[in-house]
Each structure stands twice: as C-alpha cells, then as structure tokens.
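In: model this:
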Amino acid sequence: MRSRHHVVIVGAGFGGLAAAKAMATLPVDITIVDARTHHTFQPLLYQVATAGLDAGDVCYAVRGVFQRQRNARVRLGRVTAVDTTAKRLTLDDGETTLDYDSLILACGAVTATFGVPGVDDHALGLKSAADALEVRDHVLGNFERAAARPAPIADGVLTIVIAGGGPTGVDLAGGMAELIDNVLRHDFPSLDVDRARVVLVEAADRVLGTFSAASSTKARRALERMGVEVRTNTTVARVHAAEVVLGDGTTIPAHTMVWAAGVRAHPLGEQSGFPVTRGGRIEVDDRLAVAGHDDVYAIGDLAATLGPDGTPLPQVAPAAIQGGRHVAEVLAARLR
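Out: So this is what the prediction gives:
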C-alpha cells in the first residue's frame, strides 16, 4: 500500500521531463507515462528529415533519463481516459489503470490539418522521428527515380512543397535547400538538380509570425538567397499525390508535400471534459492547475498558459520546461 504522495505525469516531452527532474528531491513517488520509449528532441527533427542527423541523435530513452532518479519510474502506455473523481487513469489496453494523488498532463500537441482535403492521404508530417525518416526517404527516393528516368522531372518529382511558415517549416525549407545544393547536386551528377524546387507556403503575411518583424524579414531573405520560393498570404486548398492546389487556384506539380502548418493540443484534455480554449488547449490558472481541479495540472503545448499580456504562451520547448518546473514548485509548496 502506497504511503507517499503519488504524482503521475502523462507525457515525456520537454515539460514532462522538466517536471519530473525538478521533483527529484521531493518526498513523492513519480510515474512518467508515455506512448513511446524515447523522448524526441523535436526542434532538430528537420535535420533528420534532411539527412543531417540520424534518428538516434534526436531520441533518448526515457528510462535512461531517470536511471539514477530513485523516486521516478517509467510506464509505457497511452492514456485514454481520466477519472478525476476516482483519481484514476485508464491506459490503452483497456484494463490497466493508474491511481494518482496529483496528475500532470504534459502530452503535447498533434498535427492540425484544418480539414484541408488530401492532407491526411498525401502529405507527410514532422512530429516524430518516424515522420522525419519518412520525409527523408521519400525525398531521396524521388531523386533516385528522377535519375533513373529524367524525362518526367517537369511533373514535380523534384519539387518539395512545405505548408507552414513557422519555425518547423522555415527550418525544413532551409534544410532541404542545403541538402539539394550541397549534397544531392554532387550525388546525382547526371541529374539537372537546378530544376528541383523548394516552395514554402504560409497563410499569414510573413513567416515566423510569432517572432519579431525584423527576424521574420531576415529569415525570408535568407531562405530566398538559398533558392527557396516563399509564398505568404497563400493557403493550401487541396493536396493530391502529384500536385498541390493553392487557395488562389495556382497548381504546383509536386510529389512531396510536408504539412507543418499548425498543431492542435492533444485531444486527451478535451476528451476528459476539462475546459479548453480554441485549439483544444486546457484552461489553467497561475499555478497551472486545471479549473475546478486542484490536483490536476496541465503544462506545455496542452495548456493555455497565459503570458503577461494575457495571451497564451507559444507552444515551444522553453515554455513547456518553465511550466514543468513551476508545477514542481507548486507541488512542493502544497506538500509543505
């Protein structure tokens, strides 16, 4: 029978790891639950997608992170239900449950397609190491096919369209341009690599919309110097296997479409009946506690944590890490 306060953390992303590490000296037992055995350093996934890094370079075993933390253990599984009355979680096998005294939800975000036709069927994502490897293999495979049969290059086999001008899209576009110019140009000497295209599509009036205007302008100029075609104020209307149709009716022949146009909070919060904002982010107070639940906290991409100006903080790693540490301090104060 448990005698110490039991904290369950759902998600081994930046926020979940930060919370667990910050509670290393507290008199609590911690269980970290994640659907994967590894933590993924998502900011560098684009490097895996562009063959700059191996998948193992951006993934680290969660059990390895907590190997020396005596009050923490790791549980592989996907949480499918939260019963706040019984203080119990149900895992994806339908039978396993976990009881908690305090619950920290840190399960991050998922890709948002905004209902654009064809995205689910024909576009590639970039949220996991598996996604990044799929993008890499797809692009390299297209170059191999073009080298074996150069005639149809004009049909878009060497064209890469990236939807979304946020950090992921900008990094990926620049990485793809470097891969083509610095590597593939030399690997495929018989191929007219100059006919390859990288097109970045952004619905807003500038890339990196959450950054300063100066940073946005600098990023766009850098991409354009690298040969990336940057199209702002432009939406994606439909995606086909070999072409992308833009909102203005323009059709781009392209055999590669990477969707980095947006994220939505993990559906667990909404499914559990917690109050959520637009985008599915859970409403939290200044302790990051869920409204009406003093023993449930939400951090990172899943939480609608408000900044000093009253708007939700961006869904980036620093905000998640700070949130995890803040909840650890809140729990320490409660225990005292």
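In: can you pull the alpha-carbon coordinates of stretch 103-112 into PDB?
Out: C-alpha atoms of stretch 103-112 as PDB (Å, rounded to 0.1, in the frame of the first residue of the first chain):
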ATOM      1  CA  LEU A 103      -1.700  14.500 -12.100                       C
ATOM      2  CA  ILE A 104       0.400  16.500 -14.500                       C
ATOM      3  CA  LEU A 105      -0.800  16.400 -18.100                       C
ATOM      4  CA  ALA A 106       2.000  17.100 -20.500                       C
ATOM      5  CA  CYS A 107       1.100  15.100 -23.600                       C
ATOM      6  CA  GLY A 108       1.800  17.900 -26.000                       C
ATOM      7  CA  ALA A 109       0.200  18.600 -29.400                       C
ATOM      8  CA  VAL A 110      -0.800  16.800 -32.500                       C
ATOM      9  CA  THR A 111      -0.800  17.900 -36.200                       C
ATOM     10  CA  ALA A 112      -3.800  20.100 -37.200                       C
END
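In: my read: Val290 touches Phe274, true?
Out: Yes. Judged on C-beta atoms under 8 Å, Val290 makes contact with Phe274 at a distance of 5.3 Å. Bear in mind the C-beta positions are built from the backbone N, C-alpha and C, glycine included.
In: what residues are shared contacts of the two?
Out: Common neighbours of Val290 and Phe274, using C-beta atoms under 8 Å, 6 or more residues apart in numbering, are Ile282, Glu283, Val296, Ala298.
In: Could you give the bridge partners of the first one?
Out: This means Ile282. Counting by DSSP bridges, Ile282 forms beta bridges with Val276, Ala303.
In: Near it, how many other residues are there?
Out: Applying other C-beta atoms under 10 Å, we find 27 residues neighbouring Ile282.
In: what distance separates the start and the end of stretch 266-273?
Out: 13 Å (C-alpha to C-alpha, to the nearest Å).
In: Show residues contacting that stretch.
Out: Contact with stretch 266-273 is made by 10-11, 79, 81-82, 84, 105, 107-110, 276, 280-282, 298, 301-302, as judged by C-beta under 8 Å, 6+ apart.
In: rewinding a little: kindly reformat the shared contacts of Val290 and Phe274 as a markdown table containing distance to Pro27 and pLDDT.
Out: Below are those laid out as a markdown table (distance: C-beta to C-beta, whole Å; pLDDT from 0 to 100):
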| residue | distance to Pro27 | pLDDT |
| --- | --- | --- |
| Ile282 | 27 | 94 |
| Glu283 | 30 | 94 |
| Val296 | 20 | 97 |
| Ala298 | 24 | 97 |
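In: The residues you listed: which two are farthest apart?
Out: Greatest spatial distance among the shared contacts of Val290 and Phe274 (C-beta to C-beta): Glu283 and Val296, at 11.7 Å.
In: more neighbours, these two?
Out: For Glu283 versus Val296, neighbours defined as other C-beta under 10 Å are more numerous around Val296 (23 against 18).
In: What distance do you get for the residue most central in space within the chain to Val263?
Out: By C-alpha atoms, centre = their mean, the chain has its centre lying nearest to Lys127, at 4.3 Å. According to C-beta to C-beta, to the nearest Å, Lys127 stands 8 Å off from Val263.
In: What ranges does this protein have for its helices?
Out: Per DSSP state H, the chain carries helices over the ranges 14-22, 45-49, 62-65, 119-122, 129-148, 167-178, 185-187, 213-225, 268-271, 317-335.
In: mind checking which of those helices is nearest Arg197?
Out: helix 167-178 (9.8 Å).
In: From the chain's centroid, how far away is that closest one?
Out: On the basis of C-alpha atoms, centre = their mean, to the nearest Å, helix 167-178 sits 15 Å off its chain's mean C-alpha point.
In: Please put the alpha-carbon coordinates of that helix into CSV.
Out: As requested, the backbone C-alpha atoms of helix 167-178 are provided in CSV (Å, rounded to 0.1, in the frame of the first residue of the first chain):
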residue,chain,number,x,y,z
PRO,A,167,9.9,27.5,-37.1
THR,A,168,9.4,24.0,-38.3
GLY,A,169,8.6,25.0,-41.8
VAL,A,170,11.3,27.6,-42.1
ASP,A,171,14.0,25.2,-40.7
LEU,A,172,12.8,22.4,-43.0
ALA,A,173,12.8,24.6,-46.1
GLY,A,174,16.3,25.9,-45.4
GLY,A,175,17.5,22.3,-44.7
MET,A,176,16.0,21.0,-47.9
ALA,A,177,17.6,23.7,-49.9
GLU,A,178,21.0,22.9,-48.3
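In: what angle sits between that helix and helix 213-225?
Out: Following axes from the mean of the first three to the mean of the last three C-alpha atoms, to 10 degrees, one obtains 30 degrees for the angle between helix 167-178 and helix 213-225.
In: now for helix 167-178, which elements pack on it?
Out: With contacts defined as 3 or more C-beta pairs under 8 Å, 6 or more residues apart in numbering; DSSP states H and E, helix 167-178 has these neighbours: helix 45-49, strand 159-163, strand 197-201, helix 213-225.
In: what angle separates it from strand 159-163?
Out: Counting by the same axes, to 10 degrees, helix 167-178 points 170 degrees away from the direction of strand 159-163.
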